[in-house]
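# Here is a sequence together with a model predicted from it:
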Amino acid sequence: MSRTRRLRELIEAPAILVSPGVYDGYSARLVEAMGFSSASTSGAGLVNARLGVSETLGVLSMLENVDACRQLARVLSIPLMADADTGYGSAVTVFQTVQHFEEAGVSGINIEDQTFPKRCGHYAGKALVSPQEMAKKIEAAVAARRDPDFIINARTDAVAVEGIDAAVARAKLYAAAGADMIFPDAVRDEDQIKRFVDEVGIPISINIGFAIRSRPTTPLIPIPRLQTMGVARVSVPRMLPAAAIRAMRESLALLHQTMTTGEVVDRPDLLVGIDEIQALVGDDAVADLERRFLTEGELTTRYGGEPAGI
């Protein structure tokens, strides 16, 4: 089964689909290793991690985003959804954007109705394109995809800008334009979520804002409760980068401590071992390939015989 077909089935299944956000090879492999059925990227996660700058600058280009997603999709066997931001231009640009992402091996994309450069859905200062312009972008996205199972997830930021009634009206228009799923960002409460589920008529995706405690955001509603409400998918885009930043900061503080005291402090509770890293990135598979394809002479030169591992 193709990953696009698998993603569509997961979205349409009775059980809610939980999609953690990934931003590099480690996070992507961990999500799959921990048993999740799909992963997703966020534009903010990629630009923050790769370039160390704010997403609001709009400096990550479409092709840079595509290339990053291609590398992530390549190491995963589960479906990956990508964040295509605003589609990077007009509806004509969106047509090209969809084809680039589809060719990169991702199984679907988010396209949102903000103006460019966009902002995180939980930031102030957002501005929207007209509903009609966004609907045309969705029509172009649907027309561009070669695989009918490739998911077009239409995000609207209208709740925070125009209010819930306008946001629901936009969602209905986007669904009529051919979107497969609607992603209302920065919804305020369960009642707003339920309106989208009850009135829009296609699957609804909700973003849980772990690590955005200081900004107005969707409340941390238990995932079983979201499933009961009829939500099809929940994305968790910021949890892993936020966890990584905290862990790196604690590790660097430990290094400062060893520099000051002159003592070596072993913290297996804070750092994984090299064996875990090797297992995560597939060193055993590389060793298997060496056994298959290197000559006996090469193996002897490298290892004194067959490799026990890398």
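All right, it came through fine.
# ok, longest helix in the protein?
When the chain is parsed with DSSP state H, its longest helix is helix 239-261.
# what's the helix or strand that that one is followed by packed up against?
Sequence-wise, the next helix or strand beyond helix 239-261 is helix 274-281, with elements assigned using DSSP states H and E. Judged by 3 or more Cβ pairs under 8 Å, 6 or more residues apart in numbering; DSSP states H and E, helix 274-281 is in contact with helix 25-33. C-beta here means a position set from N, CA and C on the backbone, and glycine is covered the same way.
# residue ranges for the strands of the protein, please.
In the chain, the segments counted as strands under DSSP state E are 17-20, 39-40, 80-83, 108-112, 151-156, 181-184, 205-207, 233-236.
# which residues sit against the fifth one?
I take that to be strand 151-156. Contacts with strand 151-156, where a contact means Cβ atoms under 8 Å, 6 or more residues apart in numbering, come from 4, 7-8, 11, 81, 98, 107-113, 121, 134, 138, 141-142, 145, 167, 170-171, 174-175, 177-185, 205.
# buried residues in the worst-scoring helix or strand of the chain on mean pLDDT?
Per-element confidence for the chain was summarised using mean pLDDT, DSSP states H and E. The lowest value among helices and strands belongs to helix 43-51, with a mean of 90. Taking 16 or more other Cβ atoms under 10 Å as the neighbour-count basis, helix 43-51 is seen to contain the buried residues 43, 44, 45, 46, 47, 48, 49.
# Could you tell me which residues make contact with the third one?
When contacts are counted by Cβ under 8 Å, 6+ apart, residue 45 is found next to 21, 22, 23, 237, 238, 240, 241.
# from the buried residues of helix 43-51, which is closest to residue 85?
Among the buried residues of helix 43-51, residue 43 lies closest to residue 85 (Cβ to Cβ), at 4.8 Å.
# measure the closest one to residue 23 for me?
The span separating residue 43 from residue 23 equals 10 Å under the rule Cβ to Cβ, to the nearest Å.
# And residue 273, by the same measure?
23 Å.
# pLDDT below threshold where in the stretch 151-300 of the chain?
Segments of the stretch 151-300 of the chain classed as low confidence (criterion: pLDDT under 70) are 210-217.
# excluding its backbone neighbours, what's nearest residue 244?
With Cβ to Cβ, 6 or more residues apart in numbering as the criterion, residue 244 has its nearest non-adjacent residue at 7.4 Å, and that residue is residue 27.
# With residue 62 instead?
Distances taken as Cβ to Cβ, 6+ apart put residue 88 closest to residue 62, at 4.2 Å, once the chain neighbours are dropped.
# Measure how buried that neighbour is and give me the count.
As a burial measure, the neighbour count of residue 88 was computed by other Cβ atoms under 10 Å and equals 19.
# pLDDT score for it?
Per-residue confidence at residue 88 stands at 95 (pLDDT).
# Against residue 122, how distant is it?
Applying Cβ to Cβ, one obtains 22 Å for the distance of residue 88 from residue 122.
# for residue 220, same thing?
Applying Cβ to Cβ, one obtains 13 Å for the distance of residue 220 from residue 122.
# Between the two, tell me which one has more neighbours.
Comparing residue 220 with residue 122 by neighbour count (other Cβ under 10 Å), the higher total belongs to residue 122, at 19 against 11.
# wouldn't the more buried one be in contact with residue 209 here?
Yes. Taking contact to mean Cβ atoms under 8 Å, the distance of 5.9 Å between residue 122 and residue 209 places them in contact.
# hang on, the earlier thing: quick one: residues contacting the residue nearest to residue 244.
Applying Cβ under 8 Å, 6+ apart, one finds that residue 27 lies in contact with 20, 21, 240, 241, 244.
# buried subset of the residues you listed?
Neighbour counting with 16+ other Cβ under 10 Å marks 20, 21, 240, 241 as buried within the contacts of residue 27.
# contacting residues for residue 26?
Residue 26 neighbours (Cβ under 8 Å, 6+ apart): 280, 281.
# Please tell me how far residue 303 sits from residue 294.
Taking Cβ to Cβ as the criterion, residue 303 is separated from residue 294 by 10 Å.
# re earlier: can I get the least confident helix or strand of the chain in PDB? Just the C-alpha atoms.
Presented in PDB, the C-alpha positions along helix 43-51 are these (Å, rounded to 0.1, in the frame of the first residue of the first chain):
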ATOM      1  CA  GLY A  43       7.400  25.400   8.600                       C
ATOM      2  CA  ALA A  44       8.400  27.000  11.900                       C
ATOM      3  CA  GLY A  45      10.100  23.800  13.100                       C
ATOM      4  CA  LEU A  46      12.200  23.500  10.000                       C
ATOM      5  CA  VAL A  47      13.300  27.100   9.700                       C
ATOM      6  CA  ASN A  48      14.000  27.400  13.400                       C
ATOM      7  CA  ALA A  49      16.100  24.300  13.500                       C
ATOM      8  CA  ARG A  50      17.900  24.600  10.100                       C
ATOM      9  CA  LEU A  51      18.500  28.300  10.100                       C
END
